[in-house]
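Participant: structure here, sequence nowhere to be found:
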Ligand SMILES: NC(=O)c1ccc[n+]([C@@H]2O[C@H](COP(=O)([O-])OP(=O)(O)OC[C@H]3O[C@@H](n4cnc5c(N)ncnc54)[C@H](OP(=O)(O)O)[C@@H]3O)[C@@H](O)[C@H]2O)c1
């Protein structure tokens, strides 16, 4: 697994261990190797951008899961060049991972992706056959998906998991909670628009299910929820009467980086459930997704 120490990687590792698998993780340096060992993950040195070291890191594995990302959090995401590293991971890194996996004789590749790529469909349901809307912001994701699709053939399986917006014990969620606590905006888009969200636990179970899925692209998340309800849940968890949305000026200023996060996306994860037998442990977003985090913060001072 690449990105094993990240939000998606940790969830995937926990679920894979629970399902009886052993996990090997790409370690960029000795500190991260130690971190992986503490997670019961066997570290192997290598770089996402070096095909040969990656191929030797993959030797002996049955499956490669590419979970590496480097998403800028908060306002830093609006700085020029902020997305360069993440875009490179998704476009170039995913190609090198797929090539190295082929070299190492790997038969199955699982690639993380996001469901924000779908075009706005108002109140209509979205499945994997619906059109995507590719902006500069979305392009690296689509490129990563393409490398996985090309990896797949008669003898190899490529599975793309289009995750919803992760809401859980991660830096982005904690940041939104902190903003809500300060009475600041956390919502993007229109309150009545639909949002596809996923709990980190279900990111993990989806990776396990992907080990048995056929080649293809699959949506993974809870039932879609209206953005107004998400903002209200953040406000309630933060002890505020009501939450608020960013002004349209801010969204315009954010350009393409924010635009795809405002689309109305009533995304169905039915196909993955049918094809891979996956079932969400957290099928419905609600305040309970956040109350646990607030309790953790109260106990540890985190967030
Ligand atoms: N679907 C979604 O909503 C979604 C998707 C992705 C991220 N996010 C959110 O965005 C926030 C930040 O996420 P993040 O992805 O930056 O951090 P993260 O989840 O903490 O970790 C990213 C993982 O990718 C690895 N990585 C980063 N750069 C790498 C590189 N150049 N080569 C190899 N591996 C690399 C990291 O490994 P090291 O240990 O080597 O650093 C780490 O394991 C989080 O709150 C997360 O939930 C949301």
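Facilitator: Right, received. Where do you want to start? Because the structure is a prediction, the values reported are computed rather than measured.
Participant: can stretch 33-45 be found next to the ligand?
Facilitator: No. On the criterion Cβ under 6 Å from any ligand atom, stretch 33-45 is out of touch with the ligand, staying 6.6 Å away. The C-beta positions use only the backbone N, C-alpha and C, and glycine is treated the same way.
Participant: that should have said stretch 225-234, apologies.
Facilitator: No. Residues of stretch 225-234 contacting the ligand under Cβ under 6 Å from any ligand atom: none, with a closest distance of 12.6 Å.
Participant: need the mean per-residue confidence for that stretch.
Facilitator: For stretch 225-234, mean pLDDT rounds to 98.
Participant: residue 158 falls within a helix, correct?
Facilitator: No. Under DSSP: H, G, I helix; E, B strand; the rest coil, residue 158 falls outside any helix and is assigned strand.
Participant: what's the neighbour count on it?
Facilitator: By the other Cβ atoms under 10 Å criterion, the neighbourhood of residue 158 contains 22 residues.
Participant: just the pLDDT for the closest residue to residue 15 other than its chain neighbours.
Facilitator: Counting by Cβ to Cβ, 6 or more residues apart in numbering, the nearest residue to residue 15 once its immediate chain neighbours are dropped is residue 204, at 3.2 Å. For residue 204, the model assigns a pLDDT of 98.
Participant: ok, residue 204 touching residue 14?
Facilitator: Yes. In this structure, residue 204 is within contact of residue 14 by Cβ atoms under 8 Å, at 5.5 Å.
Participant: ok, the nearest residue to residue 92 once chain neighbours are set aside to residue 99 distance?
Facilitator: Nearest residue to residue 92 in three dimensions, chain neighbours excluded: residue 49, at 6.6 Å (Cβ to Cβ, 6+ apart). As for residue 49, its distance to residue 99 is 11 Å (criterion: Cβ to Cβ, to the nearest Å).
Participant: what's the answer for residue 158, then?
Facilitator: Counting by Cβ to Cβ - residue 158 and residue 99 are separated by 13 Å.
Participant: in this protein, what residue lies closest to the ligand?
Facilitator: Residue nearest to the ligand within the chain (Cβ to the nearest ligand atom): residue 6, separated by 2.4 Å.
Participant: show me the strands in the stretch 1-150 of the chain, by range?
Facilitator: 24-27, 42-45, 63-66, 108-114, 125-126 (DSSP state E, counting those that start in this stretch).
Participant: out of the ones you listed, nearest to residue 176?
Facilitator: strand 108-114 (17.0 Å; Cβ to Cβ).
Participant: so what's the residue count around the closest residue to residue 279 other than its chain neighbours?
Facilitator: What sits nearest to residue 279 in space, not counting adjacent residues and going by Cβ to Cβ, 6+ apart, is residue 273, at 6.2 Å. Taking other Cβ under 10 Å as the neighbour definition, residue 273 ends up with a count of 17.
Participant: ok so residue 273 is a helix residue?
Facilitator: Yes. Counting by three-state DSSP, residue 273 is part of a helix.
Participant: distance check, it against residue 160.
Facilitator: Taking Cβ to Cβ as the measure, residue 273 falls 16 Å from residue 160.
Participant: quick check: residues of the protein near the ligand?
Facilitator: Residues of the chain lying close to the ligand by Cβ under 6 Å from any ligand atom are 2-7, 9, 28, 32, 48, 68-71, 73, 89, 114, 163, 165-166, 170-172.
Participant: list the contacts of the residue lying farthest from the centre of the chain.
Facilitator: Within the chain, residue 241 marks the point farthest from the mean C-alpha position, 29.9 Å out by Cα atoms, centre = their mean. By Cβ atoms under 8 Å, 6 or more residues apart in numbering, the residues touching residue 241 are residue 235.
Participant: so it: helix, strand or coil?
Facilitator: On the basis of three-state DSSP, residue 241 is classed as coil.
Participant: check what pLDDT the residue lying closest to residue 47 once chain neighbours are set aside gets.
Facilitator: What sits nearest to residue 47 in space, not counting adjacent residues and going by Cβ to Cβ, 6+ apart, is residue 53, at 6.0 Å. As predicted, residue 53 sits at a pLDDT of 94.
Participant: isn't residue 53 up against residue 28?
Facilitator: No. Between residue 53 and residue 28 there is no contact under Cβ under 8 Å: 10.8 Å.
Participant: quick check: neighbours shared by these two?
Facilitator: 45, 46, 47.
Participant: so which of the residues you listed wins on neighbours?
Facilitator: residue 46 (21 neighbours).
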